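Peer 1: model the following, please.
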Amino acid sequence: MTIFASYSIKGGVGKTALAVNLAYALREDGHRTLLIDLDPQCAAAYYFRIKPAAKFKFKEGPKLAGRLRRNIRESDYPGLDVLPSNMAYRNFDIMLDRLKKSRKQLRSILAPLAEEYDSVVLDCPPNLTLLSENIFRVADHLLVPVIPTPLSERTLEQLYQFFKEKKLPPNRIRPFFSMAQKSNRLHREFMAQLRLDYPVFLDTVIPHSVHIERMGQRRRPALDYAPGLAATQAYRKLCLEILKG
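Peer 2: Take a look at the predicted model:
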């Protein structure tokens with residue numbers, strides 16, 4: 001089972017749009033896929049017309065994984081399931097902090113899913129917390145959307161610094177440009193410079209597009225309702241680039 005995490009310290013960079021369309025693309029590629037919404041806003045599940053998870057208490061013990069798994073729902077797309085979040089997920093860090101080996105608990109929670117799924121996509125909240133560190137330790141690919149602006153560059157630097165301090169493998173970080181505008185001179189200049197500073201940037205660029213922004217209205221992956229557009233095809237291209245390594 002391969003775990004993909006859509007993550008950024010900064011919000012509003014296209015993180016959830018990536019998670020939703022990546023999960024859809026993986027399913028199209030034949031992967032038994034589970035999209036896990038870890039953000040209390042429950043936006044990823046919303047895009048699939050799935051209600052927030054049933055309320056439950058984050059209690060210690062091995063039954064936590066079972067309680068989470070009972071909330072898994074089938075989507076409208078066979079082969080793609082969704083584990084929605086709810087507002088109680090804002091307490092995820094408090095729950096983790098009470099457990100032994102608190103920085104590795106997510107791995108034990110996700111491990112049993114390998115029997116049912118080939119790929120797991122995590123839509124992560126935009127912060128740097130104990131849950132984030134769990135995600136960093138379990139994800140095979142930490143996909144980081146970067147808008148080509150100074151603030152996004154700063155958060156990418158902070159992420160690499162955190163990995164260095166915690167002695168985490170930096171090769172798991174897979175940054176790519178998101179919501180990019182080729183007509184914007186600032187964007188072009190930042191993309192050129194950041195590729196020099198961080199040669200690990202993926203080749204695929206996700207452009208800014210109103211068709212992707214309409215996901216909130218249509219409540220479907222953009223790859224489903226606008227599959228032929230260059231902006232949405234970029235998600236499929238990104239998926240293939242990641243899978244090829």
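Peer 1: per-residue pLDDT, residue 244?
Peer 2: Residue 244 is assigned 88 on the pLDDT scale.
Peer 1: need phi/psi at residue 18.
Peer 2: As for residue 18, its main-chain torsions (degrees, to the nearest 10) stand at phi -60, psi -50.
Peer 1: meant to ask about residue 2, not that
Peer 2: Dihedral angles for residue 2 - degrees, to the nearest 10 - are phi -100, psi 130.
Peer 1: equivalent analysis for residue 5, please.
Peer 2: With angles defined as degrees, to the nearest 10, residue 5 sits at phi -120, psi 130.
Peer 1: so what's it bridging to?
Peer 2: Residue 5 forms beta bridges with residue 122, residue 142, as assigned by DSSP bridges.
Peer 1: residue 25 reaches residue 237, doesn't it?
Peer 2: No: with contact defined as CB atoms under 8 Å, residue 25 does not count as touching residue 237 (9.1 Å). Yep, even glycine has a C-beta here, placed from its N, CA and C like the rest.
Peer 1: give me the neighbour count for residue 73.
Peer 2: Counted by other CB atoms under 10 Å, the residues lying close to residue 73 total 14.
Peer 1: residue 127 now?
Peer 2: 14.
Peer 1: gap between it and residue 133?
Peer 2: Per CB to CB, to the nearest Å, residue 127 is found 11 Å from residue 133.
Peer 1: per-residue confidence at residue 96?
Peer 2: Looking at residue 96, its pLDDT stands at 65.
Peer 1: can you check residue 88 too?
Peer 2: 59.
Peer 1: any low-confidence regions in this protein?
Peer 2: Applying pLDDT under 70 to the chain picks out residues 54-65, 87-104.
Peer 1: residue at max distance from the center of it?
Peer 2: What lies farthest from the middle of the chain is residue 185; by CA atoms, centre = their mean that is 28.2 Å.
Peer 1: assign residue 132 to helix, strand or coil.
Peer 2: helix (DSSP: H, G, I helix; E, B strand; the rest coil).
Peer 1: thanks a lot, catch you later.
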